[in-house]
Structures are given as C-alpha cells and as structure tokens.
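Colleague: no sequence on this one, just coordinates:
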C-alpha cells in the first residue's frame, strides 16, 4: 500500500514538473540606450517567469559590463554584434532545442539578422516591439542629458553613408534614406543586406529567406504614437515612398565624408509591407510567412517602448509554449 501511494505521488510530481521542464526558453535583445541588466529588463524577465513558471530567459548582452553593453547600442559594427550574439546563444545548453525571441526596438531587427544568417539554435516565434525593419529615415532626438546619444547622432548626421560611419555607428547601419535609396543599397553595411536589397538579383542570399520562413510566428508590434522611429510603420515593414522610382539602378559610389541624411517630409506616402519589392518578390521569406498566416500585426497605443497594457497578451500567446 505504501509502495502504491509513493508511486502515485511520483506520477503526480512528474505531471506537475514535466510541463515546467519542457517550456520553450525565451531570448530577449534590448533596445537602444538600454542594458541587459537594467531595471526595465529585469522586471520584464521577472514578469515573464511569473507568467510562465519554469521558463529559462536569456538577455543578450554585448558585454557583461553594463556601461559597455549600453555603449554597444550606439557604437560598434552591427554585423559583428549579431555574430557575437550567435556565438553566445550557441553556447547556452538550455537553448539547444530552440527558443522564442523578443526584440525591443533595434533588438528586433538584430534578432531577425540572427535568424536569417545563423538560426542555430532555431527561433520558433519572433516578436518585435517598435523595430526598424525597413530602417529609419530620420534620427531620433536625444535627451538633453544623454551625451552618448548626442555624440552618436551628430557623427551620424555628418555623413550617414560614409564607410567609417557605416562600420562604427549603429543607427547609421539601419538608416534608409528614401531620397537616396540607390546610395543606401550600395553603402548600407547591415540593413540592406538583411533585407536582401541588392543591385543584382544574383547577389541575393537565398539562405535568408530559407531561414526566416521557418518561423512559426512573426509578431510585429507598432507604437501608435511613436516619434522615435521614423516612420513608425517601419515596425510593420512599411517605409516612406522613395523620391526616385529607379530605386536600385544606380551604381553611384559614396563620396568621401558624405552624404548627409536628407530631410524627409513626415507626410510622405507610406509604402506598406505588401507593396514592398522585398515582399512581392519574397527576398527574405516574409511573403511565405504571411501567406501561411504566420504574420501578426499588433499595436501599442503609446509612444515608443511604452508597453503599458499591450504586452501581456502577446507574451501569454507567443512565449512559453512547450518544446
């Protein structure tokens, strides 16, 4: 009798413990000006663990030192940072069977680059909050006390497609000027590559579409009152209409020291996701995802990264599933 009772108790323990052990892990990449161990990221991690007991959460960092991690959001080579993140994730045993991923602001397109270029271990669901998938056409204004941001902003505006700027200033590497798209295509060191925006179709990387289209779900969150991401529709793969419809026909080289970002009319027409060449010709696998119903558009009502009342349902549905 005691043996039967002990056996039943062990089964009950297993029934409770098994789902906990099998919860899909979560990886988060923070945004510009934040750090992996900030109060905000720590709170997100704690809330996720309350919502999904037993979940393993990893926050990507470029450096264990908080100041260095924050600086990496402004200065550095994004391609090298994505490679570092890939190496970091590959060496965490808890992630070996795959994970869900959440990217806040620029962390979203960085995670997309990871999926397209590496995806080992693989990402199941990707959720991006206010990310700049089609780049930015203006630089966000810095706070009066954020010297790090101000210096980076001034340097970027001095020559956004200059080779040194493209190698060293993070925001410049996803700056997509609709008035200079041919120059962007030939000069962008990061965004043009992960969007497969190239001069010759033969230069497109087919692995990007193959990897990205394996996602179970892509959740794109836009902030309705976003004034940091210009245009805010970039979060939904939208962009401001180009001034030159020839788009990718130029082989113009980047002049030394320039050019500077052009001013873009905020009222310019927005080209939506389905009208983008990268969607219509499926350069990155986005159309394949959409056609099987794997793309979800969501909205937060506030300003950039104001998550009040808009993250809980998303984290409940797309995070914490079983492996």
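Modeller: That came through fine. The structure presented is a predicted model; accordingly, all values stated were derived computationally and were not measured.

Colleague: so residue 133 touches residue 108, yeah?
Modeller: Yes: the criterion here is CB atoms under 8 Å, and residue 133 meets it with residue 108 at 7.2 Å. Every C-beta, even on glycine, is put in place using the N, C-alpha and C of the backbone.

Colleague: Give me the common contacts of those two.
Modeller: Residues touching both residue 133 and residue 108 by CB atoms under 8 Å, 6 or more residues apart in numbering: residue 235.

Colleague: contacting residues for the residue most central in space within the chain?
Modeller: With distances taken as CA atoms, centre = their mean, residue 108 lies nearest the centre of the chain, 1.3 Å away. Residue 108 makes contacts with 29, 126, 128, 129, 130, 131, 132, 133, 235, as judged by CB under 8 Å, 6+ apart.

Colleague: let's see it at 6 Å
Modeller: Listed by CB atoms under 6 Å, 6 or more residues apart in numbering, the contact partners of residue 108 are 128, 131.

Colleague: shaky segments in the stretch 151-300 of the chain?
Modeller: Across the stretch 151-300 of the chain, the ranges flagged by pLDDT under 70 are 152-153, 155-158, 244-267.

Colleague: got the residue ranges for the strands in the stretch 101-250 of the chain?
Modeller: Using DSSP state E, counting those that start in this stretch, the strands found in the stretch 101-250 of the chain span residues 123-129, 217-223, 239-240.

Colleague: for the first one, packing partners?
Modeller: Using 3 or more CB pairs under 6 Å, 6 or more residues apart in numbering; DSSP states H and E as the contact definition, the elements that strand 123-129 packs against are strand 99-104, strand 217-223.

Colleague: mind giving me CSV with the strands of the stretch 101-250 of the chain and columns for mean neighbour count?
Modeller: Listed next are these as CSV, based on neighbours: other CB atoms under 10 Å:
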stretch, mean neighbour count
strand 123-129, 25
strand 217-223, 22
strand 239-240, 26
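
Colleague: closest one to residue 191 among those strands?
Modeller: strand 239-240 (10.9 Å; CB to CB).

Colleague: Give the full set of residues in contact with residue 189.
Modeller: Per CB under 6 Å, 6+ apart, neighbours of residue 189: 166, 173.
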